[in-house]
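1. A structural model of the following input is requested.
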Amino acid sequence: MKLTTDINKNIFRGYDIRGKYPTDLNEDVYYTIGRSFGTYIQKFDQKKCVVGHDNRYSSEELVRALITGLTDSGIDVINIGLVTTPMYYYAQIKLNILTGMMVTASHNPKDENGIKYSINSFTNCKGEEIQDFYKFTMEQQFAEDIPLGELTEYDIRDEYIDLYKSILKFGDRRVKVVLDPGNGTTTTIIKDLFREFPIDFDIICGESDPMFPNHHPDPCVEDNLKMLKERVLETKADLGIGFDGDGDRVGVISNSGKFIPTDKYMIIIIRDIINKVTKKEFLYDIKCSKSLSDEIERLGGKGICYRTGNSYTKGRVKELDLPFGGELSGHVYFRDRWPGFDSGLYAGLRLLEILSYTDKQVDDLLEGINEYYSTEELKFTSTDEKKVEVVDKIIKYCEEKGYNTNTIDGVRADFSDGWGLVRYSNTGPNITARFEGNTPERLEELQKEFVNLIEEYNK
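-> Numbers count the residues shown, from 1 in each chain. Okay, the predicted model is just below:
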């Protein structure tokens, strides 16, 4: 492996590094990033770095190159090995090391990989921080002729399971659940973790397989949960819970086989904790349904709408010292009893804990909310250059129309009877959109207006 300047700028995205293996990402690129990061963090007086990786077929090769680059730059590396991203977050907290790198591409396709990283805080880098690091990497003014850093290994597994055991307290009802880790990294810990609690569980897609042979590992896309729905109905389970490739996101199926979007999952959680927390303020991202903001207001709380993106939403929840927050993509952040990082396994267990104290099902826990008609998040393939241009044109269109707009993340046009959102993805060459209306007809009207614009500008 060797230093290289042949690095695609587009892998440095809004809140992480992501690209295709081996075209965008290979040993030389990871070694170079390791050398760069190892030099860069010393500007912040950091000399240690926690490193972990997910179960992707390219991860072991790439993490070796990354670690070599770090130690060649004089950084002491604590290698925690094959872990979920939440396990990596907890290792940083437990070891009190602010700097870390997690080799993962989350729920992206099997031929992709990436890095989530933090420099001098427990929050992942994002936005300008990532672009500054890209510029530094390309300048290649790296540390030379210095003592090699030390490489040690650390096993966080038992301490991570103990964290759950110290926090969760189940009631008398023994809930029956089907779990779907989607052949991702949660397969390596899910069985041992759930055995610690009074739960009857069944696991599908439970073997670690980086080819993701059964379905794409994104539990917030309903099509990916078909197998989970079928098993829930077949076994008459109380619910089904799905997880993404690196374990930081959650998806839920009710006992009736109904897909429960994350914004509705958040309603269940907020209903449960609002009278148990002092600060009754909760964050959600711009893609969430009005059902959620309506319910927060009805319960006497305050809703805070923020931009999409795991690094942004998690950082904002911490900055504002909120007890709970999340986004439609399945990232949720508990800070009432949990350390605040996103974990699909913890999110699932919190829902199971709630059910253990009632004879109600998930569908029952959503009774009485305001219902709207909404689409799933829609994706339109574009390019990294074109996607920005398309969104800028739609912002201008909305302004010329005099629409009530929110441009914190793309553009959301709000009307008295619905809303439309168009934004570009920070993790891929896509434009994303979501629409909601008071009636099916209004939903169709809004969707048609904005989808036509996307298709026209994206030609």
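2. okay, CA-based contacts and neighbour counts for the rest of this
-> OK.
3. ok, now which ones touch residue 85?
-> Residue 85 makes contacts with 52, 53, 54, 102, 104, 246, 247, 248, 343, as judged by CA atoms under 8 Å, 6 or more residues apart in numbering.
4. 7 Å instead, please
-> 102, 246, 247, 248 (CA atoms under 7 Å, 6 or more residues apart in numbering).
5. Tell me, how many residues neighbour the second one?
-> For residue 246, the count of nearby residues is 31 (other CA atoms under 10 Å).
6. how much space is there between it and residue 359?
-> 32 Å (CA to CA, to the nearest Å).
7. quick one: which helix or strand includes residue 284?
-> Take DSSP states H and E as the rule and residue 284 turns out to sit in strand 281-285.
8. Then residue 315?
-> For residue 315, the host element (DSSP H and E) is helix 310-319.
9. helices or strands up against the helix or strand that comes right after that helix?
-> On the C-terminal side of helix 310-319, the closest following helix or strand by DSSP H and E is strand 324-326. For strand 324-326, the packing partners by 3 or more CA pairs under 7 Å, 6 or more residues apart in numbering; DSSP states H and E come out as strand 281-285, strand 332-334.
10. Give me the residues contacting strand 324-326.
-> Counting by CA under 7 Å, 6+ apart, 282, 283, 284, 285, 313, 317, 332, 333, 334, 335 sit against strand 324-326.
11. likewise stretch 13-29?
-> Contacts for stretch 13-29 (CA under 7 Å, 6+ apart): 1-4, 7-8, 11-12, 62, 65, 105, 111-116, 125-127, 311, 426-427.
12. Buried members of those residues into ChimeraX, please.
-> To isolate the buried members of the contacts of stretch 13-29 in ChimeraX, using 16 or more other CA atoms under 10 Å:
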select :3,4,7,11,12,62,65,105,111,112,113,114,115,116,125,126,311,426,427
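13. In strands only, show me the contacts of stretch 13-29.
-> 112, 113, 114, 115, 116 (DSSP state E).
14. quick check, nearest of those residues to residue 211?
-> Nearest to residue 211 among the ones in strands among the contacts of stretch 13-29, counting by CA to CA, is residue 112 at 11.1 Å.
15. mind checking how far that closest one is from residue 56?
-> 8 Å.
16. do the same with residue 142
-> Taking CA to CA, one finds residue 142 at 29 Å from residue 56.
17. What of residue 37?
-> 22 Å.
18. which residue sits closest to the residue most central in space within the chain, ignoring its sequence neighbours?
-> Geometric centre of the chain, nearest residue: residue 331, 4.5 Å, by CA atoms, centre = their mean. Once flanking residues are discounted, residue 331 sits nearest to residue 249: 4.9 Å by CA to CA, 6 or more residues apart in numbering.
19. Do you know the pLDDT at that neighbour?
-> Per-residue confidence at residue 249 stands at 97 (pLDDT).
20. what residues go with each domain of the protein?
-> Domain segmentation of the chain under automatic domain parsing yields 9-155, 159-365, 373-457.
21. What ranges does the stretch 201-350 of the chain have for its strands?
-> Using DSSP state E, counting those that start in this stretch, the strands of the stretch 201-350 of the chain run over residues 239-243, 250-254, 259-260, 281-285, 302-306, 324-326, 332-334.
22. angle of the fifth one against helix 310-319?
-> Put plainly, it is strand 302-306. Relative orientation of strand 302-306 and helix 310-319, computed by axes from the mean of the first three to the mean of the last three CA atoms, to 10 degrees: 150 degrees.
23. what does strand 302-306 rub up against?
-> 280, 281, 282, 283, 284, 285, 286, 293, 296, 313.
24. Buried residues, stretch 157-167. List them.
-> Neighbour-count burial for stretch 157-167 flags 157, 160, 161, 164 (criterion: 16+ other CA under 10 Å).
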